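Participant: the following comprises the amino acid sequence and a computationally predicted model.
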Amino acid sequence: MKFLIGGGTGLIGRSLVSSLRSTGHNVQVISRKPKEKNDLSWDSIKKNGLPSDVDVIVNLSGRNIGEVNLLFFIKENYYSYIEEVFTSRIDTTKLLVDLSKSAPIKAFINASAVGFYPPDLQTTYDESAPPRDCNFITNLVNQWEDAAQIPSRPDIRQIQLRTGVVLSKDSHFIRTVRHVFPLGFCNPIGTGRQWMSWIHLDDMVRIIEYVSDLERVFPSGPVNCTSPKPVQQVTFAKAMAESLGAPMNIFSDAPIPSFLFTLLLGRDRATLVLDGQRVIPRKLLNAGFEFKYPDIADALENIFGRRPRS
């Protein structure tokens, strides 16, 4: 099949492109600065439209929402960054949707996030949960998913990938915490009770390939791209520290104060680490998808080569 990948130079995109090409698929990448001969720029897509032979569009575009930058303490810089967080997702999605309305594609797969679901310690969410706009993140994801709808094309498969925290050696999340945990700072964040719905990068790529396989019957709509076994943050912190061989400090039960993350990320984005959702990939499980790394211990052992004791 012929794939067109928006955001193909990011963490998930790079792995997806490599995997698709290794299995014989034809892949073109859209990026701001194309690196390979056959890749496309967003400007060229706007000007010339989509290639005529594309079967599946996968749009993974979007600026990292978890960036920490001292320049963000200047309000103008922070507001400019937040605007780009929105536009890099929603504007690219709208562009591809508009171009897809009359294109002979067979599937449109767009990134989304588990931030669609409101933070909650008690509720277990699956794809049937209705939308609720209760904070900055849910507002962003609701707009993102709304932009990805192509009601005039009921003939094509339309998927929204509600992705959890992606774990791999190269993920921004892992690179950040591995610099902290070897120092002994394996403390829970905030209360530590917040849920963390996560996915190993390998499984994330396999999910995209699974839902884009046109020979397989799979329903359109949102798909939770998370492990079937979410964990609370305090459980993840302990497992991560054990995988890294990090020493437990004498204050290991003391939480890292919430205000530090509010200071670093801003009040709007702090919910990414201070709150969480317990999300189950119901559609994938019902379809018979088998996770390679269903347990956090399996995932961390693969990434770091050491299995957590617990």
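Facilitator: Yes, it's here.

Participant: burial measure for the closest residue to residue 275 other than its chain neighbours, as a count.
Facilitator: Distance criterion Cβ to Cβ, 6 or more residues apart in numbering; nearest residue to residue 275, sequence neighbours excluded, is residue 119 at 3.3 Å. C-betas here are computed from N, CA, C, even on glycine. Number of residues near residue 119 (other Cβ atoms under 10 Å) recorded here: 19.

Participant: likewise residue 83?
Facilitator: The burial count for residue 83: 11, using other Cβ under 10 Å.

Participant: so it versus residue 91, what's the distance?
Facilitator: According to Cβ to Cβ, to the nearest Å, residue 83 stands 11 Å off from residue 91.

Participant: repeat for residue 268
Facilitator: Residue 268 sits at a distance of 20 Å from residue 91 (criterion: Cβ to Cβ).

Participant: could you pull out the helices for the protein?
Facilitator: Defined through DSSP state H, the helices belonging to the chain, from first to last, are 11-22, 42-48, 75-100, 136-147, 172-180, 201-211, 233-244, 258-265, 267-274, 282-287, 296-304.

Participant: can you redo those helices as a markdown table with distance to residue 33 and mean pLDDT?
Facilitator: What follows is the helices of the chain, written out as a markdown table (distance: least, Cβ to Cβ, whole Å; pLDDT from 0 to 100):
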| stretch | distance to residue 33 | mean pLDDT |
| --- | --- | --- |
| helix 11-22 | 14 | 97 |
| helix 42-48 | 10 | 94 |
| helix 75-100 | 14 | 96 |
| helix 136-147 | 24 | 97 |
| helix 172-180 | 20 | 72 |
| helix 201-211 | 23 | 99 |
| helix 233-244 | 34 | 87 |
| helix 258-265 | 28 | 84 |
| helix 267-274 | 27 | 87 |
| helix 282-287 | 34 | 98 |
| helix 296-304 | 29 | 95 |
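
Participant: residue 157 is nearest to which of those?
Facilitator: helix 201-211 (7.6 Å; Cβ to Cβ).

Participant: name the helices or strands packed onto that closest one?
Facilitator: helix 11-22, strand 157-163, strand 165-167, strand 221-225, helix 282-287 (3 or more Cβ pairs under 8 Å, 6 or more residues apart in numbering; DSSP states H and E).

Participant: ok, residues contacting it?
Facilitator: For helix 201-211, the surrounding residues in contact (Cβ atoms under 8 Å, 6 or more residues apart in numbering) are 11-12, 15-16, 19-20, 58, 109, 157, 159, 161, 163, 166-168, 171, 199, 216, 218, 223, 225, 227, 284, 287, 289, 291-293, 302.

Participant: redo the helices and strands packed on helix 201-211 as JSON lines? Include mean neighbour count and distance to residue 233.
Facilitator: Formatted as JSON lines, those follow (neighbours: other Cβ atoms under 10 Å; distance: least, Cβ to Cβ, whole Å):
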{"stretch": "helix 11-22", "mean neighbour count": "18", "distance to residue 233": "21"}
{"stretch": "strand 157-163", "mean neighbour count": "24", "distance to residue 233": "18"}
{"stretch": "strand 165-167", "mean neighbour count": "23", "distance to residue 233": "10"}
{"stretch": "strand 221-225", "mean neighbour count": "24", "distance to residue 233": "19"}
{"stretch": "helix 282-287", "mean neighbour count": "16", "distance to residue 233": "23"}
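
Participant: residue 29: what's it in contact with?
Facilitator: 4, 5, 6, 8, 9, 13, 17, 36, 39, 40.

Participant: buried ones among those residues?
Facilitator: Listed as buried from these are 4, 5, 6, 8, 9, 13, 17, 39, 40; burial here means 16 or more other Cβ atoms under 10 Å.

Participant: which pLDDT value belongs to the nearest residue to the third one once chain neighbours are set aside?
Facilitator: In this structure, residue 6 finds its nearest non-sequential neighbour in residue 59, 3.9 Å apart by Cβ to Cβ, 6+ apart. On the pLDDT scale, residue 59 is placed at 98.

Participant: for residue 59, what are its contacts?
Facilitator: Contact criterion Cβ under 8 Å, 6+ apart gives 5, 6, 7, 92, 93, 96, 108, 109, 110, 111, 148 as the residues in contact with residue 59.
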